[in-house]
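J.: just to be clear, the model below is a prediction. Sequence and coordinates:
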There are 4 protein chains.
Amino acid sequence: MANQVKVGIIGASGYSGEELTRLLLTHPQAELVAVTSRQYAGQTVAQIFPRFAHYPQARTLRFTEPNPELLARQAQVVFLALPHGVSAEFAIPLLQAGCQVIDLSADFRLRSAAVYQEFYGHEHPAPELLATAVYGLPEVYRDAIKGAQLVASPGCYPTSILLPTLPLLRAGLIHAHGIIADSMSGVSGAGRKAELDYLFVECNESVRPYGVPKHRHLSEIEQELSLAAGSPVIIQFTPHLIPVNRGILTTLYLAPTTHIAGAAAAAELNARITACYQAAYAHEPFVRLLEGKALPDTKNVVGTNVVEIAWRLDPRTGRLLVMSAEDNIVKGASGQAVQSLNIMCGYPETTGLL
Amino acid sequence: MANQVKVGIIGASGYSGEELTRLLLTHPQAELVAVTSRQYAGQTVAQIFPRFAHYPQARTLRFTEPNPELLARQAQVVFLALPHGVSAEFAIPLLQAGCQVIDLSADFRLRSAAVYQEFYGHEHPAPELLATAVYGLPEVYRDAIKGAQLVASPGCYPTSILLPTLPLLRAGLIHAHGIIADSMSGVSGAGRKAELDYLFVECNESVRPYGVPKHRHLSEIEQELSLAAGSPVIIQFTPHLIPVNRGILTTLYLAPTTHIAGAAAAAELNARITACYQAAYAHEPFVRLLEGKALPDTKNVVGTNVVEIAWRLDPRTGRLLVMSAEDNIVKGASGQAVQSLNIMCGYPETTGLL
Amino acid sequence: MANQVKVGIIGASGYSGEELTRLLLTHPQAELVAVTSRQYAGQTVAQIFPRFAHYPQARTLRFTEPNPELLARQAQVVFLALPHGVSAEFAIPLLQAGCQVIDLSADFRLRSAAVYQEFYGHEHPAPELLATAVYGLPEVYRDAIKGAQLVASPGCYPTSILLPTLPLLRAGLIHAHGIIADSMSGVSGAGRKAELDYLFVECNESVRPYGVPKHRHLSEIEQELSLAAGSPVIIQFTPHLIPVNRGILTTLYLAPTTHIAGAAAAAELNARITACYQAAYAHEPFVRLLEGKALPDTKNVVGTNVVEIAWRLDPRTGRLLVMSAEDNIVKGASGQAVQSLNIMCGYPETTGLL
Amino acid sequence: MANQVKVGIIGASGYSGEELTRLLLTHPQAELVAVTSRQYAGQTVAQIFPRFAHYPQARTLRFTEPNPELLARQAQVVFLALPHGVSAEFAIPLLQAGCQVIDLSADFRLRSAAVYQEFYGHEHPAPELLATAVYGLPEVYRDAIKGAQLVASPGCYPTSILLPTLPLLRAGLIHAHGIIADSMSGVSGAGRKAELDYLFVECNESVRPYGVPKHRHLSEIEQELSLAAGSPVIIQFTPHLIPVNRGILTTLYLAPTTHIAGAAAAAELNARITACYQAAYAHEPFVRLLEGKALPDTKNVVGTNVVEIAWRLDPRTGRLLVMSAEDNIVKGASGQAVQSLNIMCGYPETTGLL
C-alpha cells in the first residue's frame, strides 16, 4: 500500500508496549520494523506474547537490544514505551537522526523542568526538549501534533480528566478552582512489575486508594488545566486501585460558574453544557457523549480507543458531576499514541483503531 | 449458658439475611429459633446455604413462612432483613406483642415521614413508629440502642460515610457545607436479585457509577449529618459498582474550618484531627484508625465488623481527605445489627463478632 | 467493494449475537442489513450495545422484530443466534426463500433425530433438514461448508474437544474408547439470562462442576468422534464453571494405541503425534500448536478465533494429555460462524477475523 | 482457661502462615506466643496483617527472627510454615528440645527419602525423621496424630484427592489403576511470591494448566493411595490455575471394580458407594457428603475447614465421578494443621475451627 510508515518500539515488554505491538502489527499503514527489549532480546514477539502468534509477522519479528542509532536507520517514527526517567537517553539520538518520536512516558509532558523535578524527584535529563515536545492529546493539540518531531503522549489518568474538563473550562462554564477528580483504575496501570502489591491475591476482592494526596500525574493535569483556564489551577485527585485488568473510571466534581436557582436555570445551564460538549466532541471519533440515562462503564470502552463522557447537574448541591470511562492502556496510552501517529502521517485518524 | 436470647429472622434469604443467619448460628449467647422465607419455606438452612451445613443447627432449622404472631411467641428479638417498604407490616405486630425489633431496611431510619416519601416515592406505612425508632449506629447511639424497642440499623453507604464524618463535624473541624462522598461498592450491595445488570459477565471487568445524583441513602446520611452539625446539611454522594463480592470504599472530600497556611498550621490541624478521631474511636472495638502510611483496603475488613479510617490533609488544596473501608454486609448491615443486639441484651459488644 | 455479501442476524441480543454483531459490523466484505430482537425492537445497536457505538453503522441500524420472509429479501446469508429448539421455525422459511443459513444453536448439529430427542428432551422440529445440514467445523468440513445451504455451527465445548481429538483418532494414534474431557468455561457460556446462579456474587470466587454426567453437548461430540473413529464412541465429559467472562480450557485424557515402554518409544510416539498435529493444523490460521514448554492459557485466545493446543505424553501412566484453550464466544460460537461465512462466500478464511 | 497450649509459628508471612496466625489468635485454647519472619522481624502482626488488627493480641505480638532454641523454651507446639526444603533445619532442634512440631511443608510427608529426592530434586536433609513423622490427615491418621512428635500436614491438592479416594480404595470399590485427578486451584496456592506469573493481570481472566505431567504433590498422593491399596499406585494428576483467591475443586475419574450392567446394578453400586462414604465420613465434622442434586462449589467451603464431596456413577461409561471442594489454605493447609493440634492436645477436634 502506498504511503506506509516504518515504525519501531523501544521497550515493548510492558503492558503499554504489548498493546502498542498489537496495534502496530494490525495497523494497515504501519510497518513494524523493530521492537526492543533487553529482557527478551533474541526471542520472537510470538514467543513473548503468545496471544499475537496468529499474526504472521509476530512469528518472525524478534526483540532486539535497544539501539537508537540502528532504529533511526530502520524506522521513521519510533515509540518509546519506557519507565519514566529513561526516555531522554533514547529520544535525543533518535531526534538528532531525524526520527519522529512518540514517547509514552511522562518525560516530555511538562513544559517546566522545575515542575518535573518537583513531581518526579530528579532533574530533567533533557530540559531543552521540553519546549519543542507536543502534548499528544489529539482532541486538543491536533494541529501541533501534525508537525511534531517529539510527541509526549498523555498519561491514562490525565486523559480521563482532561477530556471531560477542558471544554467546560475554556468555555467558562466551570470554576477553575476546587476541581476534584476521583478515579478508579485497573491493575494494568501499575505496569508489568513483579511486586507483592500487584499479585492476584492482593488485588482481587480489594479496592484501595493510593498515592494520595499528591500523585505524579497531577503535574501534567494541572499544566493543561492552567493553560485552558489562563491561570494556575490546582486540583484534588484521588486514584484508587480496583480489581479489573483494564479501565479507568473518573468522577469529576465541578462548580458551575452559573448559580442554579430553580429548574429553569438548571435546564438552561444543562443545555449550555451539552452544547459545549457537542461543539467540542460531536465529530471526534473517539469521544462518546452519552445521552439519556446512560452512564459510563469501563466494560463499554475496554479494548477500544474511546472515552465515554456523561454529566449530571445536581440541583441539590449546585454542582456538576462529569463521569468518564476509558481503557487505560488504549486511549490512556497506546491507542492514543497511534492516534498521534495517524495525525503525524496524514492518515485518517481512526486508521488501525476501529 | 445463662442469659441467652432467643432470636428470629424474617426474610433470611438475601445476602444480609444469609450473613445474619451465620452470625446468629455462631453467636454464643443467641439462640436462633426461627428463620423465614416465603421462597424457601420447608427447607433447612443447610439446604439453602450449604456453606453453613457444618453448623449442626443449620441441618435441623427450617425456613418457615413469615408469621409475626408466631415469631413473637418464639423470639425475644426479631431481625427484619426485608426489602424497603415491607418492614412495617411485620414490625407493627411484633412490637405490639412485646418483641424487640432490629430492622435492616431503610423503613425506620428517617425521623421524617415527608423525607421518606420524597426519597422512597411512597407514603410511609407507619409514621407513628418513626419517633420511637433508634438509628442503630452503635458508635453514636449506643445509649439509645440499650433501651430501644425498634432499632433501624443503618445502611452500608451511610455507615461508611457517617463514622468518618460525624466526629469532625461535631468538633467543628470541618464545614458542614460542601461535603463530597465518593463510594465504591461490591455487587452484594445490589442484593440477591435475578437481574441482568448484576450478572457476572455484566459486572466483571466493569466499573460504573449509578444512582446519581440523588441516591436514596442520601436521606439518612443528611439527617444524621444535620443532627451533628445543628443545621441542615446537603452533601454530594456518588456510588460506583465495582467487581468485588463485598466491601465499600468511601473517599470523602472535606473542607477544614481552619485555613492551612504553611506546614506548621497543617501539622497543628492534623494533630487536632487525630485527637478528635482518637477521642471518638480509640476505644471502639470496630473502628480502626490507620496510622503512618496505611490506607484503607476493603480486603482488610471483608468478613469482619471493622471500619478502617485514614485521613490526609492536602496542603496544596487545603482540603481534608478521609477514606473508609468496611464490609457492606457485615458492618454495613448484619454485623452492625448484631452489635445492636449485643447492646440491647447487655452482652459485651463484640460477642459473636470477633 | 466488489463481492459484498448482505447478512442478517436473528436473535442478536445474547452474548453470541452481540459478538456476531461486532464481527459483522467490522467485516470488510459483509454488509449487516438486519438484526432482530423481540426485546429490543426499535432501538439501535448502539443503544443496546454501547460498546459498539463508535462504529457509525451501530448508531443507525435498528433491531427489528424477527421476520424471516422480510430477512430473506434483505439478506443472502442469515445467522440464527437463538436458544436451542427455536431455530427451525426461522430456518425453514429462510431456506425455502433461497437464503443460506448459519445456525449457532444445537438444532441442526445432529444427524439423528432420535439422538436429538434423547439429549434435548423433545422431538426434532424439522428432521428432514438434518440430512442436508453441514456441521460447521471448518478445519474438518471445509469442503462441505463451501456449498452448504444450512450450516450448523458447532458448540463451544465440542470445538474445544473435537479439534484436539479428531486428528489423533483418524490417524489411529489413540483409542476411541475411554476418552475423558474435563473442561472449564467462563460464565458467558451460560448466556445472558437473569438467573440467580449466574449473578456476579454467585460466580465470583467460585468454581463448580455442573451438568454431570450427561451434558447435552455430548451428543454432537460423540457423533463427530464416532464418524472419525468409524465406530460408536462414548466419552466422559465434565464441564466446570469458573469466574472468567470468556474462555474454555479443556484437558483431555487419551490412551495411545502404542504402549510407551521406555524413553525411546515415548520419543518416537511423541514425534508421531507432533507430525499428526502438524499435518492437520500447521496451515490452519486459527489453530495454534504450542511448542516447547508452553501450555494453553485462555487469556492468550480471548477475543480471537484461535484455538491453542498442547500435548504431553506421560511416561508414568502411558497416557496422552492434550490441552486446548479457546474463546467460547468467538471460536466457540460467533467467530467460527463467520469463518463458515467466509468459506461459503469464497473470501479468504481469515477475513474480518484477524 | 485450663489446659491451654502455648504455640509458635516459624515462617508466618506467607498465605498459610497468615491464616495460621488468624486461627491461632482466635483459638480458645491456644496461646500464640511467637511468630517469626526474617522479613518482618520487629513489626507487630497488626502492622503486617492489618486485617487482624481488631484482635488485641495482634497489636502487641511482634514478629521475631526465627530462633528454634528460643521457641523451644516458649512454646509446646511449633508450626513450620516454610518453603519446601528448609523445615528440617528448624524441626531438628525443636524436636530435640522436646517440642511437638507440625510442619506444613512437604519435607516430612514422604516415608521414602529416595522418592523425596526424585520429586524434589535434592537429598532429604533429615531422612532419619521420615520414619517417625505422621502424615497429618486427621480423618485417616487420627490415632497416630494423637501421640505424634512430628506431624507432616498434607498439601492442598493431596487432601482434595485423598479424602474422596481412600475410602473407596480401601473398600475395594474402585480399581487402584487408572485414577485421574483433575484439579483447579486458586492463586493463593502459589504462595505470596513476587513473580510475574501471579500478577493480577496475568491471572485474572485466565485459566491454565501447569506442572504437567509430574507435579511434586504426586509423591505424597501416590504414597497414601498405595498404602490404602496395598500395592503401588500411579495416578494421573493435572492442576490448573484459576482466578480465585482460594479454593480447590478436584474432579476424580475412577473405575469401579463392579461392572455396571443396567440400572439395577448401578443403583446397587451407588448404594454401596454411599454406604462406604457414610461409614467413613458421616461423623467427621469437616467432611460434607452432598446429597441429592448438590455438587461441590468452592464458595461453600472457602474460609472453613470443610471438604465437600459428591459422586455420580455414569451408566454410559461405567465410570465413577467424584468431585471435592476445599479451601486450599484452610483444610488444605492451616486449618488441617490446627485440627492436628486439637488432636495432639486432646481438645475437641473442632475447637477454633467452627
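T.: Happy to help now that I have it.

J.: can you list the residues of the stretch 1-150 of chain A near chain C?
T.: For the stretch 1-150 of chain A, the contact set with chain C under Cβ under 8 Å from any Cβ of the partner chain comprises A:26, A:50-51, A:53-55. For glycine as for every other residue, the C-beta is placed from the backbone atoms N, C-alpha and C.

J.: now those: which count as buried?
T.: A:50-51, A:53-55 (16 or more other Cβ atoms under 10 Å in any protein chain shown).

J.: what's the domain layout of chain A?
T.: A:5-153+A:332-345, A:157-328 (automatic domain parsing).

J.: and these: which comes nearest chain D?
T.: domain A:157-328 (4.0 Å; Cβ to the nearest Cβ).

J.: what's the neighbour count on the closest residue to chain C within the stretch 251-354 of chain A?
T.: In the stretch 251-354 of chain A, the residue found nearest to chain C is residue A:300; the distance is 4.1 Å by Cβ to the nearest Cβ. Other residues near residue A:300 come to 23 when the count uses other Cβ atoms under 10 Å in any protein chain shown.

J.: residues contacting it?
T.: A:308, A:325, C:50-51, C:53 (Cβ atoms under 8 Å, 6 or more residues apart in numbering or on different chains).

J.: may I have the phi/psi pair for it?
T.: phi -90, psi -10 (degrees, to the nearest 10).

J.: ok, it to residue A:23 distance?
T.: 19 Å (Cβ to Cβ, to the nearest Å).

J.: what's the answer for residue A:109, then?
T.: 21 Å.

J.: so these two - more neighbours on which side?
T.: residue A:109 (27 against 22).

J.: rewinding a little: can you narrow the contacts of residue A:300 to ones near chain B?
T.: Near chain B, by the rule Cβ under 8 Å from any Cβ, you find residue A:325 out of those.

J.: closest to residue B:219 among the contacts of residue A:300?
T.: residue A:325 (28.4 Å; Cβ to Cβ).

J.: residue A:266 contacts residue A:317, correct?
T.: No - using Cβ atoms under 8 Å, residue A:266 and residue A:317 do not qualify as a contacting pair, with a distance of 11.5 Å.

J.: neighbour count winner among these two?
T.: residue A:317 (21 against 17).

J.: make sure that one is indeed in a helix.
T.: No - applying DSSP: H, G, I helix; E, B strand; the rest coil, one finds residue A:317 to be coil, outside a helix.

J.: what's the pLDDT at residue A:2?
T.: Per-residue pLDDT puts residue A:2 at 57.

J.: any low-confidence regions in chain A?
T.: Applying pLDDT under 70 to chain A picks out residues A:1-2.

J.: output the longest helix belonging to it.
T.: In chain A, with assignment by DSSP state H, the single longest helix is helix A:262-281.

J.: out of the domains of chain A, flag the one nearest residue B:248.
T.: domain A:157-328 (8.6 Å).

J.: end-to-end on that closest one?
T.: 8 Å (Cα to Cα, to the nearest Å).

J.: ok, what's across the strand from the nearest residue to residue A:278 once chain neighbours are set aside?
T.: In space, and not counting its chain neighbours, residue A:278 is closest to residue A:289: 7.0 Å by Cβ to Cβ, 6 or more residues apart in numbering or on different chains. Bridge pairing for residue A:289 (DSSP bridges) gives the partners residue A:309.

J.: how near is residue A:289 to residue A:275?
T.: Distance, residue A:289 to residue A:275, using Cβ to Cβ: 11 Å.

J.: out of these two, which sits in the busier spot?
T.: Shown here are residue A:289 and residue A:275; by other Cβ under 10 Å, residue A:289 has more neighbours (18 against 13).

J.: now that one: how far from residue A:163?
T.: For residue A:289, the distance to residue A:163 (Cβ to Cβ) stands at 11 Å.

J.: who touches both of the two?
T.: Shared contacts of residue A:289 and residue A:163, counting by Cβ under 8 Å, 6+ apart, come down to A:281, A:309.
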